[in-house]
Structure formats: C-alpha cells, structure tokens
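Trainee: Please work out how this folds:
(chains A and B)
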Amino acid sequence: MMDKYTLLQKIGIYASIVVFITFMLLPFVEMFIASLRPLTHLFSRPKIPVGETMGFLDFMSRFWSDKMSFQAYRDMWVTVPQLPRYIFNSVFLATAVTIMSLIFVIPAAYAYARFNFRGKSVSLTLFLAVNMFSGAVLLIPLYKLLRMYGMLNTYWAMIIPGVAFLVPTGIWLLKSFLEKIPYELEEASFVDGASRLYTLRRVILPLAVPGLVVVGVAIFIGAYAQQFLFAITFNQDRDYMPLPAGIFEFIGYQDVLWNEMMAASLVGILPVLVIFLFMQKHLIAGLTQGAVKQ
Amino acid sequence: MSDLLQMLKPKTKAQSTTLFAWALIAPAAIYMFLIVVWPLVETFRLSFTNSNLGTLIEGADYIGWANYEKALGGRKFPAIVNRTFYWMFLSVSLKIILGLIGATLLASNIRARGIIRALVMPPWIIPIAIGCFGWLWLYNGHFGLLSNFAEMVGITDGPFSFLGYKKSAFYSAVVTDVWIGTPMVTLFFLAAMQGVPRDLYEAAYVDGASRWYRFRRITMPQIMPTVVTMALLSAIWTFNSFEIIWILTEGGPRGATTTLIIDTFKTAIFSYKFGAGATRAVLVVLILGVFSIIYLTVLGRLSRKYGYLGVQK
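Mentor: Residues are numbered from 1 along each chain as shown, chains lettered A, B, ... in the order given. The predicted structure follows:
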C-alpha cells in the first residue's frame, strides 16, 4: 500500500528519471555519435539558408550523415598504435593499486574496528586528514622522491602515489563493515585457543567478504578514475601510460581527430564498464549492509 | 638488548592490545608517512626557498617569507581564493541536491530498477579525463551539441563557445564537475536510504503521514550522517579538483577558472617556480584545514543542539 503511486506520481517519477539519466549519459551518446561521423561531417555546421535561424531539422542533421561508419574504430589502431597497451596499462595500474591498498587497509581497518587502544582516535583522524591533500599539492616532493628511487617513468611512478591517497578512504570504509561483525565470534575463537592473527585470517576475513568486495571495487574505481595527474607528471614513457594520458596526446595533434579520439575513449572504457555492470548489484547491497555512518 | 625487550613486553592486557593494534596499523602508517607526511614537510621547507629550474644545480636559497608575501600580496590571489570557494560551494550543493533527488528516485518502487541504477553510474566509473574529453566536444562552439541546441531553441543566435568566455567557462566546468561527482553521492545516499528501517515508514504511513513528510522527518534525519560525511568529502575533493578544469580550460579564459589547485600546478610545474608553487600548496592545505575544522565544529554544535548529525563529540 505504502509503495503504491498514483498515476500522476508515476509519471513524475519516470519523467524525472529520464531527465536524470539523460544528464548522466548525454556525453556518452554524443561521444558515440561523434565517433561514427566522418571528420568532414563532424566539422560542418548544419546548413542554414541566409537570413533564417536553425530549425529542428537542421539541428537533427548533425546527428545523421550518409557517410556514417565505424571507420574510426578501424583507423584509431593505426593513429594510436599503442592503444591496446594504454587500455591494458589502465586496468593493470588500477588492479595493482587496489591490491597494494588492500594490503595496507585490511589490518589497519581491523585494528580500528576491533580494539580500543592508545592513540586510536588521533591516528584515525590523521589518516582521514590525508584526504585533504590532493596529489597536486605534493607533486614537487613526490617527483623528487620517485626520482631518488629511480621510479620515474615506470609503473611505480603511478602506483606509489596512487595508493597513498586511497588508503585512508579504504580504512574508513572497511572499518564500518568490520564493526558489524559480532565480537562474540572472535571471543569463541580465542577461547578455542586461536591466535589473533589466525582469528583475523580464518574467522573475520571470510565474514568480511561482502565488505571487502565493496571496498575493493570502490578503491579500484578511485584508482581507475584518477589516472591522469600522476601519469602526465611522473611518466613520459608511452609504454606505461594509462588510457587517459595516452588519449590526451590526441589533443596535442595538429588537427584533433575527434571521431577517432571518441572511438578510442569508448573502446578503452568498455572492459571496466562491463565488469562494473555485473558488480553494481553487489556494490549497492554491500554499501547498504555497511550503512556507512562515520 | 634483553632489557629493551623486557621493557617492550606488554605487562597488562590493555598494553598488549595497544601493541597488537599498532602492529596492524604500522604498515599503513609508515607508508603514509613516507608518501604523504614527508613530502608535506618538504613542501613546507620548499615554500621558504627560491627553488626553481635555475637553482636545481647550484641549490636554492632560503628567502624567508618572501614567497608568502608575494603570493598573498598578489592582486589575483583574493580573487582566486574567492573563486575556489564559490566553485566548491556551488558544485557541492548541486551534487548533494542532485544526489538526494537521484537516490530518492532510485530507491522508489519502480520497474527495471537494477538497469536504471546501473545507467546512472558510468560518469563515476570511467576515468575523469575521458569524461572531460566528451564534455570538451559537447561544449565546442561551432560543432558541439550544446551550442547547436542553444541555437536551435533560440537562446543564442549563432555559434557559442561555452569554454571561450569567462562566465560560461566557469559554469561549464561546474556542470562537468557535478556530472562526475553526482553518481557516487547518489550511490552512497541510496545505500543509506535502504538502510533505514522499514517499520519507521510503515508506522508513519499508518499515522497518515504524507510522502514528503516521511522524507523530511524520517529519511533525512536517518541519512543525515551520510549526507554530512559526503558533503565534507565532496567539498574537499571539489576544492582539490584538478583534471576537470585542466582538461577543459587549463584555468582560462583569462584566469576565469583558475582555482587554487590550478594556480599551484601552473606555478610549480608549468613555470618551474618550485618554491612559489610550494607556498601555494601550503596555503591550500592551511585553508582546507581551517575549513574542515570550522565545518566539523559547527556540525558538532548543531549535533548537540538538534541531535546526532554524524559528528561525535
């Protein structure tokens, strides 16, 4: 009963959803259309007779051309021979950052969720304070640090700083999940004579899987979405460039090949987009379960 | 040596817990120290030097507060700070409002909910830079969809380059930032809304409370902690947002989209004035720190006055 809507309410909800989704997907639709249009059509304005303003049909003509084709999807591999490498690098970097972050996050989040100890709130606040620094603020010393260890122009140049800015959020997210696991389970395990580390590994981790999935996905997305700043400042080697940095070079060309650039962008993000579509149900369910409060 | 071990050996249960907890936190703490704290200290040190491309070989000199005087005394600085805060407030407010609307829509009892939820998320998942490439084309003056559409509807009477004018460039960047930030806010709000116990709504429904009333008096208070946290995080991220502005306008036209972060990057990396750039970086950290403390203090006060708002005192 409570969830029943009147017809008017229904129309309102669906209309609002359409507007909302249009806003969210508009750039993708336009990117796709642009990728299909040949450059000459892309760079032609709707033909308007002198003295007249643009009408609806003139406007629509920009979406359609006889010469529309998937040619850009073939040509882009020639224009950007490194494209497969960029796509791989992006996924690889995000995966590496996620794994490394989790190695730091899991024990720390467990400690914060389970124990009361000296320096707990101070250190947690300090961790969260790291959120206040963007990579852009620390570029110069980070550059020095990476150069000192010979990590410039390697994958490490993007992994090392990437991890640092994702660990605090990861701790905070995972902590709220772990707090939901009843302490009695651990006590039972202690009573049976299990060590603390054994309990963490054999009792807590299996129970924390949904939470770990959410935190892992959130870190992965963070790592995947933000591959730009470190990539353009700490790495000049095309072999290690992630997708955004690689495609950014398109803009540097004399004439920007917009259709191929859009095609490459869309193909590049496809793998992660598809994986996410399968994951999103778990993500929302997991987030709800954690009901992140603090 | 054995004395030292004896000293370190926990004597009580509390001590043993503290030791174990710190052993678990140590890897993360050490890592953060190396990658964030040390660079921060180094930035602070650099901000008092005249370090630049020319001083890389012979070494930079300490010049006291000169960089700070120059940065704070600059004609443009107050404008940049104002712009950064305006950018942050505008963008975060829009993200929170759209996030609340979006989450309410996605939480409602509709068909194809799973697919609709999935369709909202892409701007968040894809690399920020890729999304910006799409917007770059949308904003194109002659051939972009938005300019053509505005002309068709009659808002403009010719090509309009959205990123070419001071005001429109700024608001265009805000729109793109909101586009990228909204899905995540929506997702977290949605998760929080689903965590609200259903019996609360049922009880209110039985008492004849309207939908709007239920939203105001049940949903909002229940998800307030998430809203408060997301607002702060989102404020910090927006304040620090770099890629969107850099790809769309590089801070232009004529500085109209230059926020503190863009200014820092331009000074340090593009003009190779490492010292002066570091000064700006320190100022960014200080300003954000002060902002966060004020935000949390005000919320703490409000929490005590009006009940729990997500900040414990």
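Trainee: Assign residue B:115 to helix, strand or coil.
Mentor: helix (DSSP: H, G, I helix; E, B strand; the rest coil).
Trainee: Roughly how far does it sit from chain A?
Mentor: 9 Å (C-beta to the nearest C-beta, to the nearest Å). Glycine gets a C-beta too; all of them are placed from N, C-alpha and C.
Trainee: Pull the number of nearby residues for that residue.
Mentor: 9 (other C-beta atoms under 10 Å in any protein chain shown).
Trainee: Let me know the pLDDT of the residue nearest the centre of chain A.
Mentor: Centroid-nearest residue in chain A: residue A:221, 2.7 Å away (criterion: C-alpha atoms, centre = their mean). You'll see residue A:221 listed with a pLDDT of 88.
Trainee: got the contact list for it?
Mentor: A:276, B:124, B:125 (C-beta atoms under 8 Å, 6 or more residues apart in numbering or on different chains).
Trainee: Would you format these as a markdown table with distance to residue A:146 and secondary structure included?
Mentor: Output for the contacts of residue A:221, formatted as a markdown table (distance: C-beta to C-beta, whole Å; DSSP: H, G, I helix; E, B strand; the rest coil):
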| residue | distance to residue A:146 | secondary structure |
| --- | --- | --- |
| A:276 | 30 | helix |
| B:124 | 28 | helix |
| B:125 | 28 | helix |
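Trainee: Just the C-alphas of whichever strand or helix holds the residue nearest to the centre of chain A, formatted as CSV.
Mentor: Assigning secondary structure by DSSP states H and E places residue A:221 in helix A:209-225. Output of helix A:209-225 as CSV, limited to C-alpha atoms (Å, rounded to 0.1, in the frame of the first residue of the first chain):
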residue,chain,number,x,y,z
VAL,A,209,33.9,-10.7,2.1
PRO,A,210,30.9,-8.6,1.1
GLY,A,211,32.6,-5.6,2.7
LEU,A,212,35.9,-6.4,1.1
VAL,A,213,34.2,-6.5,-2.3
VAL,A,214,32.7,-3.1,-1.8
VAL,A,215,35.9,-1.6,-0.6
GLY,A,216,37.9,-3.3,-3.3
VAL,A,217,35.5,-2.0,-6.0
ALA,A,218,35.5,1.5,-4.5
ILE,A,219,39.3,1.6,-4.5
PHE,A,220,39.5,0.2,-8.0
ILE,A,221,37.2,2.8,-9.3
GLY,A,222,39.1,5.5,-7.5
ALA,A,223,42.3,4.2,-8.9
TYR,A,224,40.9,3.8,-12.4
ALA,A,225,39.1,7.2,-12.5
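Trainee: how far does it sit from the chain's center?
Mentor: The chain centroid and the centroid of helix A:209-225 are separated by 9 Å, computed with C-alpha atoms, centre = their mean, to the nearest Å.
Trainee: Report the buried residues of that helix.
Mentor: Using 16 or more other C-beta atoms under 10 Å in any protein chain shown as the burial criterion, the residues of helix A:209-225 that qualify are A:210-225.
Trainee: Mind putting the contacts of residue A:221 into JSON lines with neighbour count and distance to residue B:105?
Mentor: Below are those laid out as JSON lines (neighbours: other C-beta atoms under 10 Å in any protein chain shown; distance: C-beta to C-beta, whole Å):
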{"residue": "A:276", "neighbour count": "21", "distance to residue B:105": "20"}
{"residue": "B:124", "neighbour count": "22", "distance to residue B:105": "16"}
{"residue": "B:125", "neighbour count": "22", "distance to residue B:105": "19"}
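Trainee: in the stretch 101-250 of chain B, which spans are strands?
Mentor: Ranges of strands in the stretch 101-250 of chain B, per DSSP state E, counting those that start in this stretch: none exist.
Trainee: other SSEs contacting the helix or strand that the helix holding residue A:221 is followed by?
Mentor: Downstream of helix A:209-225, the first helix or strand assigned by DSSP H and E is helix A:229-234. Judged by 3 or more C-beta pairs under 8 Å, 6 or more residues apart in numbering or on different chains; DSSP states H and E, the packing partners of helix A:229-234 are helix A:139-148, helix A:156-164, helix A:243-252.
Trainee: Need the winner for burial among those.
Mentor: Among the helices and strands packed on helix A:229-234, ranked by average contacts under mean count of other C-beta atoms under 10 Å in any protein chain shown, first place goes to helix A:156-164 (a mean of 24).
Trainee: what mean pLDDT would you report for the helix or strand following that one?
Mentor: Next along the chain after helix A:156-164, taking DSSP H and E as the criterion, comes helix A:167-178. Averaging pLDDT along helix A:167-178 gives 87.
Trainee: Only alpha carbons, please: show helix A:167-178 as PDB.
Mentor: These are the backbone C-alpha positions of helix A:167-178, laid out as PDB (Å, rounded to 0.1, in the frame of the first residue of the first chain):
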ATOM      1  CA  VAL A 167      44.300   4.000   1.800                       C
ATOM      2  CA  PRO A 168      42.600   6.500   4.200                       C
ATOM      3  CA  THR A 169      39.200   6.200   2.500                       C
ATOM      4  CA  GLY A 170      39.600   2.400   2.300                       C
ATOM      5  CA  ILE A 171      40.300   2.200   6.000                       C
ATOM      6  CA  TRP A 172      37.300   4.300   6.800                       C
ATOM      7  CA  LEU A 173      35.000   2.300   4.600                       C
ATOM      8  CA  LEU A 174      36.200  -1.200   5.700                       C
ATOM      9  CA  LYS A 175      36.100  -0.200   9.300                       C
ATOM     10  CA  SER A 176      32.400   0.400   9.200                       C
ATOM     11  CA  PHE A 177      31.900  -3.000   7.700                       C
ATOM     12  CA  LEU A 178      34.100  -4.900  10.200                       C
END
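Trainee: Now the element after it, going C-ward?
Mentor: That would be, after helix A:167-178 and using DSSP H and E, helix A:183-191.
Trainee: ok, that next one near chain B or not?
Mentor: No - for helix A:183-191 and chain B, the contact criterion (C-beta under 8 Å from any C-beta of the partner chain) is not met; the two come no nearer than 11.9 Å.
Trainee: helices or strands up against that helix?
Mentor: Contacts defined by 3+ C-beta pairs under 8 Å, 6+ apart place helix A:183-191 against helix A:196-199.
Trainee: buried ones in the helix it packs on?
Mentor: Going by 16+ other C-beta under 10 Å, helix A:196-199 has these buried residues: A:196, A:199.
Trainee: That helix near chain B anywhere?
Mentor: Yes - part of helix A:196-199 sits near chain B under the criterion C-beta under 8 Å from any C-beta, namely residue A:196.
Trainee: Could you pull up the mean pLDDT of that helix?
Mentor: Helix A:196-199 shows a mean pLDDT of 80.
Trainee: what angle sits between the helix holding residue A:221 and helix A:156-164?
Mentor: 130 degrees (axes from the mean of the first three to the mean of the last three C-alpha atoms, to 10 degrees).
Trainee: now the angle between helix A:167-178 and helix A:209-225, please.
Mentor: Using the same axes, to 10 degrees, helix A:209-225 lies at 160 degrees relative to helix A:167-178.
Trainee: between helix A:209-225 and helix A:243-252, how big is the angle?
Mentor: Using the same axes, to 10 degrees, helix A:209-225 lies at 20 degrees relative to helix A:243-252.
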